[in-house]
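Trainee: Just the structure for this:
(chains A, B, C and D)
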Number of protein chains: 2
Amino acid sequence: MTDTAPRPTTARAGRTPVMADVARLAGVSHQTVSRVINGHSSLRPATRARVEDAIRQLGYRPNTVARALVTKRSATIGVIATNGGLWGPSTVHRAIQAAAREAGYFVSSVNLPDVTREDLAAAVEHLRDHNVEGIVMIAANDEAVDIARHQETGGVPVVVVEGDLSRAPWTVGVDQVAGARMATEHLLSLGHEQVMHVAGPQHWEEARARLAGWRESVQAVGLRPLEPLLGDWTAESGYALGQALAKRREVTAVFVANDHMAIGVLRALWEAGRSVPDEFSVVGFDDIPESGFLIPPLTTVRQDFDAVGLLAIETLQVAMRPEHENAGDHGGENRRGRLIKPQLVLRASTAPVPGERS
Amino acid sequence: MTDTAPRPTTARAGRTPVMADVARLAGVSHQTVSRVINGHSSLRPATRARVEDAIRQLGYRPNTVARALVTKRSATIGVIATNGGLWGPSTVHRAIQAAAREAGYFVSSVNLPDVTREDLAAAVEHLRDHNVEGIVMIAANDEAVDIARHQETGGVPVVVVEGDLSRAPWTVGVDQVAGARMATEHLLSLGHEQVMHVAGPQHWEEARARLAGWRESVQAVGLRPLEPLLGDWTAESGYALGQALAKRREVTAVFVANDHMAIGVLRALWEAGRSVPDEFSVVGFDDIPESGFLIPPLTTVRQDFDAVGLLAIETLQVAMRPEHENAGDHGGENRRGRLIKPQLVLRASTAPVPGERS
DNA sequence: CTGTTAGCGCATTCAG
DNA sequence: CTGAATGCGCTAACAG
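Mentor: Have a look, this model is predicted:
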């Protein structure tokens, strides 16, 4: 910017060195430098050493932007997060970042406050503009999955993180239905005659899956499922729903769709004087770090988010391979996905129904 | 990739259109296209309209990578988060993303699991490689601030988010000391003879600032501060420390450095049979969404993270202006920063000391 | 007001 | 095994 007299035959001081500077110092052409950087095999060890020396001396670092311009690759993947700071999605996000770094990818994230179709589309465009090689969508609501399914990404492969393999060609996640069943069956096995469900917002696939798992389990023992209570993932909604729940003396057990809502439920039950677990059993979902320290410590379903992150990146790498370029076109034939099994964590918020010994 | 016969005079089908394609369609030079895209003023409305039409027809989108190569700007800012999923930093992170988008920036984030000097340096390099125009560091521990202070960023301005203006040239954050004082003074005003402090990890500036605020307040009323209990931000550590705390009958009030630890403290107190707030008062810090639904609802200090995010981006934009290029060289002369005042949220976990009417 | 000429920093043909 | 040309898609001077 400020050089008025460029000196073409020598590295200009104070400027970040470019490949040509290295070449000059090593006494080779700039292609040769390019070759050692990209680990080309056919190079005399001596020249390679000279070049590497020069690189070190100059503190040269390849310009990723220039490289991306010519290769049309960027070694970066995009992440679209559509969560509002929820613990689960945030944790997955971090796990994905870590896994991506491990795999040598840079990651660019877009956090969407609202999850309208337009915002989502804009995020994809944004990421495409930056030449991302693949995209991971976290906490996909229905709109997000639509975009992924319809391949409205200009050929950029998308891996969706959710608990239903049937909606997008590439999916990874935790088996939500299985988790919900574990929770519900645990409650049932304790002798509870009915198990209520405090559900998450039904435009989230995870919420629907947990509800489905609960319903299946209840029906499996010949019961007619109660009308579920619908929350929005927050402790506040859990509290409101918990107040209603506390009044229904015939109910003695509830499976709450996440731990945050469970906190609200616990509070409402406590306020109403219904002792947990003596009179009432509660199971959550997520195993947030605080769950073991609530009053009482919460029995819940743990999801291995690190595994999800790893799996997401692995899957994306497969999806990015050229032979899968049109994975979406096969209407599901080409589907690949894997769900991780969750785990029930037993704590003090569940107990046999009063007056029973199960 | 697969075109074997490029047709130089016409837009190749199936390829994403470039500027030249638009120019051809509009019957102008590609430079003119560049001008309408960059909102140049001197353009005949007619030509501009023709070009815009062509852009729309072709669905043309400028190639950001190519643009970045020549302008050395990228319209993206980097965010380095060194939190392990803590609620505060994560929330700030989202707020920053939102504010950056609003300001027209793309953001690339790097989440560091470990916060070693090397990792931090690597993250900075990573971001520089991608031509970020500025960097925001969240939840800076001491190593992070060192890097920012010593300008080891190759000229890329860095804004640090923390509660101490004196450590880095550009800082934004919440006034931690003020928040801690509000919490402690509230407890003192309730008539408690002593206020204990459960502190965060002392290599975090926030933790030290909250401790300092507590200590100041205690000393201000002529008391000798007790030896603080040191935790690590987690509910688990809060629980362990809370157990020790419960045994000390002379203590009736505690200011806990964050809400997560406070959850553990609440649980330990409850287990030990020390009723909150009747026998014991507890104040937290953060106001996580669950705080109002704990047993009992937690009195705490709320930080306006959205404001922090906005301020961070504003500050970064100032720092990125050319005249500030060497802000770090002035050894503090050039310092700019602003702290946002926190707010005490009164709930049910605090009450006058037993047998008093304050 | 618009077109022409360069060149950003690199990888990719092709020659030797 | 290495070097010389060519161009990725765009913006920045300069002309006109």
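Trainee: where along the stretch 201-350 of chain A do the helices fall?
Mentor: Per DSSP state H, counting those that start in this stretch, the stretch 201-350 of chain A carries helices over the ranges A:205-220, A:235-247, A:259-271, A:305-320.
Trainee: will you turn those helices into CSV that also has mean neighbour count and distance to B:Val282?
Mentor: In short, each C-beta sits where N, CA and C put it, glycine included. Shown next, in CSV, are the helices of the stretch 201-350 of chain A (neighbours: other CB atoms under 10 Å in any protein chain shown; distance: least, CB to CB, whole Å):
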stretch, mean neighbour count, distance to B:Val282
helix A:205-220, 22, 33
helix A:235-247, 21, 18
helix A:259-271, 26, 15
helix A:305-320, 21, 30
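Trainee: can you put these in TSV and add distance to A:Val33?
Mentor: Putting those into TSV (distance: least, CB to CB, whole Å) gives the following:
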stretch	distance to A:Val33
helix A:205-220	49
helix A:235-247	58
helix A:259-271	54
helix A:305-320	28
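Trainee: remind me which residues of the stretch 51-200 of chain A are low pLDDT?
Mentor: In the predicted model of the stretch 51-200 of chain A, residues A:83, A:139-141, A:148-153 satisfy pLDDT under 70.
Trainee: Which residues of it lie near DNA strand C?
Mentor: Contact residues (CB under 7 Å from any atom of the strand) of the stretch 51-200 of chain A with DNA strand C: A:Pro62, A:Asn63, A:Ala66, A:Arg67, A:Leu69, A:Val70, A:Thr71.
Trainee: before we move on, the earlier item: is it possible to export the helices of the stretch 201-350 of chain A to JSON lines including distance to B:Ile55 and mean pLDDT?
Mentor: What follows is the helices of the stretch 201-350 of chain A, written out as JSON lines (distance: least, CB to CB, whole Å; pLDDT from 0 to 100):
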{"stretch": "helix A:205-220", "distance to B:Ile55": "37", "mean pLDDT": "96"}
{"stretch": "helix A:235-247", "distance to B:Ile55": "46", "mean pLDDT": "98"}
{"stretch": "helix A:259-271", "distance to B:Ile55": "46", "mean pLDDT": "98"}
{"stretch": "helix A:305-320", "distance to B:Ile55": "29", "mean pLDDT": "91"}
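Trainee: contacting residues for A:His93?
Mentor: Contacts for A:His93 (CB atoms under 8 Å, 6 or more residues apart in numbering or on different chains) come out as A:Val79, A:Ala81, A:Asn83, A:Ser109, A:Ile138, B:Asn111.
Trainee: I'd like to know how many residues surround A:Gln31.
Mentor: Residues lying near A:Gln31 (other CB atoms under 10 Å in any protein chain shown) number 10.
Trainee: Please enumerate the strands of chain A.
Mentor: In chain A, the strands defined using DSSP state E lie at A:76-81, A:106-111, A:135-138, A:158-161, A:170-174, A:196-199, A:229-230, A:253-256, A:281-283, A:300-302, A:336-340, A:343-345.
Trainee: Spatially nearest residue to the residue nearest to the spatial centre of chain A, not counting backbone neighbours?
Mentor: For chain A, the residue nearest the mean C-alpha position is A:Val92 (3.7 Å; CA atoms, centre = their mean). Among residues not flanking A:Val92 along the chain, A:Phe305 sits closest, at 5.0 Å (CB to CB, 6 or more residues apart in numbering or on different chains).
Trainee: got a list of what the one you found touches?
Mentor: A:Gly88, A:Thr91, A:Val92, A:Ala95.
Trainee: sorry, back to before: narrow the residues of the stretch 51-200 of chain A next to DNA strand C to just the buried residues.
Mentor: The neighbour-count test (16 or more other CB atoms under 10 Å in any protein chain shown) marks A:Pro62, A:Asn63, A:Ala66, A:Arg67, A:Leu69 as buried among those.
Trainee: wait, isn't the last one in contact with B:Arg67?
Mentor: No. Here A:Leu69 lies out of contact with B:Arg67, judged by CB atoms under 8 Å, at a distance of 9.7 Å.
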